[in-house]
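Trainee: sequence and predicted structure below; questions after.
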Amino acid sequence: MSKHRNILVAVDLEDNAANILAKAKSIADGSNAPLHVVHVFKPLGHSYAGALTLGRLEKDIQSWNDDLAVKVKSDLLSLTNQYQIDDDHLHIQAGHPASAIMTLAQEIGSDLIVVGKHAKRKGRIGGASTANYLLHHCKQDLLLISPDK
């Protein structure tokens with residue numbers, strides 16, 4: 001198996017994020033490759049693109065999204081602190097997770113994307129997950145990390 005040159009790990013800052021990050025860091029260390037970490041959040045109003053142009057409401061939404069980005073950055077720094085990851089390798093993106101991950105992977109020249117695989121939940125109704133979308137559309141190698149049991 002060839003070593004990877006540049007690794008991107010996407011974390012959702014939920015329960016399994018530390019496990020995913022630890023495994024990605026181990027792979028990066030074993031390959032002597034830089035590790036980039038990304039968290040993608042869906043900003044408020046994301047689903048209503050163009051519909052929320054109501055002056056004050058639009059400013060309130062932007063302010064809320066800015067506050068959310070600050071909170072996410074703090075949470076991401078807390079998560080990555082023990083792994084000594086350079087600040088310029090921490091990325092916060094707003095938008096659709098799978099698209100943002102693929103775009104960032106292309107921009108930084110990543111040859112491996114590491115993401116978590118969510119456990120199936122009873123009663124869950126829904127479409128494709130980020131991991132499933134990446135599995136079918138990304139050009140890089142993809143490693144899916146199963147949730148802790």
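Mentor: Noted; the coordinates are in hand.

Trainee: wait, His39 sits on Asp12?
Mentor: Yes - applying CB atoms under 8 Å as the test, His39 and Asp12 come out as touching, 6.9 Å apart. Where you see a C-beta, it was placed from the backbone N, CA and C, and this is true even at glycine.

Trainee: neighbour count for the two, which is higher?
Mentor: His39 (22 against 16; other CB atoms under 10 Å).

Trainee: let's verify that one: helix, strand, or coil?
Mentor: strand (DSSP: H, G, I helix; E, B strand; the rest coil).

Trainee: what's across from it in the sheet?
Mentor: His39 has these beta-bridge partners by DSSP bridges: Ile92.

Trainee: how much space separates it from Ala94?
Mentor: Using CB to CB, to the nearest Å, one gets 10 Å for the distance from His39 to Ala94.

Trainee: for Ser146, same thing?
Mentor: For Ser146, the distance to Ala94 - CB to CB - is 28 Å.

Trainee: who has more neighbours out of the two?
Mentor: The neighbour count for Ser146 versus Ala94, taken as other CB under 10 Å, is higher for Ala94 (15 against 12).

Trainee: do I have it right that the more buried one meets Val38?
Mentor: No - the pair formed by Ala94 and Val38 falls short of the contact definition of CB under 8 Å, at 11.4 Å.

Trainee: so what sits against both of these two?
Mentor: Ala100 (CB atoms under 8 Å, 6 or more residues apart in numbering).

Trainee: so what's the residue count around Asn32?
Mentor: Residues near Asn32, counting by other CB under 10 Å, number 9.

Trainee: how about it: what's its closest non-neighbour residue?
Mentor: Lys3 (7.3 Å; CB to CB, 6 or more residues apart in numbering).

Trainee: over to Trp64?
Mentor: Closest to Trp64 by CB to CB, 6+ apart is Leu44, at 5.4 Å.

Trainee: what packs against the helix or strand hosting Ala69?
Mentor: Element membership for Ala69 (DSSP states H and E) is helix 56-80. Applying 3 or more CB pairs under 8 Å, 6 or more residues apart in numbering; DSSP states H and E, one finds that helix 56-80 makes contact with helix 17-31, strand 35-41, strand 90-94.
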